[in-house]
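S.K.: Using only what follows, build the 3D model:
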Amino acid sequence: METSKWDLWWENDWPLSGLPEGQSGEAQDRPVSIEETADKYIINTRLSEFQKNEINVVVDHGFLKVFCEHEDDRTSAGKPFGVKPCRCSLRRSFLLPEAVDVPRIRATVQDGWLKMEVPKSCGSTCRNLKVLVN
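M.R.: This is a model prediction of the structure:
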């Protein structure tokens, strides 16, 4: 299996604009996909291990931040080595462009995917906000 390193100083492509050769380009194969339309950005991120009430989305100083956390009890009765409960968490951050309408950001969870819609605007002064996840 080949690994590829992304280096901002030596390559012209951003890391989310394409995949290394030999990997599928299907959106469902990537943990994160970002699309841009004429009026908004659409960010899809895979969060299949988390329920809606365990996901928090906030805008903080120009970053769209996703925090997920839950307790996972994987104890197994009757086995010689029981697994103790653990805390699972995931954090992702996305730098927002200056011209987005922060109060109108929407987030929905469906089939293990978090979809965030970030509307474009002529500029916004609000750079901190908790986003409601539906």
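S.K.: So what are the sheet partners of the helix or strand of the chain with the lowest mean pLDDT and their directions?
M.R.: When each helix and strand of the chain is scored by mean pLDDT, DSSP states H and E, strand 129-131 comes last, with a mean of 76. As defined by DSSP bridges, the strand partners of strand 129-131 come to strand 55-60 (antiparallel).
S.K.: next SSE after the strand it pairs with?
M.R.: strand 63-72 (DSSP states H and E).
S.K.: Can you list the strands that the helix or strand that that following strand is followed by pairs with?
M.R.: Going down the chain from strand 63-72, the next helix or strand is strand 86-95, by DSSP H and E. Strand 86-95 sits in its sheet next to strand 63-72 (antiparallel), going by DSSP bridges.
S.K.: Okay, buried residues for the strand it pairs with please.
M.R.: Across strand 63-72, burial judged by 16 or more other Cβ atoms under 10 Å covers 64, 66, 68. The C-beta positions use only the backbone N, C-alpha and C, and glycine is treated the same way.
S.K.: List just the nearest of those residues to residue 95.
M.R.: Residue 95 lies nearest to residue 64 out of the buried residues of strand 63-72, by Cβ to Cβ, at 8.0 Å.
S.K.: That closest one and residue 86, how far apart?
M.R.: Per Cβ to Cβ, to the nearest Å, residue 64 is found 27 Å from residue 86.
S.K.: for residue 132, same thing?
M.R.: 28 Å.
S.K.: got it, and residue 55?
M.R.: 18 Å.
S.K.: Looking at these two, which one has more neighbours?
M.R.: A direct count of neighbours by other Cβ atoms under 10 Å for residue 55 and residue 86 places residue 55 higher, at 20 against 11.
S.K.: What residues does the more buried one make contact with?
M.R.: If you count contacts by Cβ atoms under 8 Å, 6 or more residues apart in numbering, residue 55 has them with 47, 66-68, 107, 109, 114, 133.
S.K.: now swap in residue 100 and tell me
M.R.: Residue 100 neighbours (Cβ under 8 Å, 6+ apart): 41, 118-121, 124.
S.K.: from what I can see residue 58 touches residue 129, true?
M.R.: Yes - contact criterion Cβ atoms under 8 Å: residue 58 and residue 129 qualify, at 6.9 Å.
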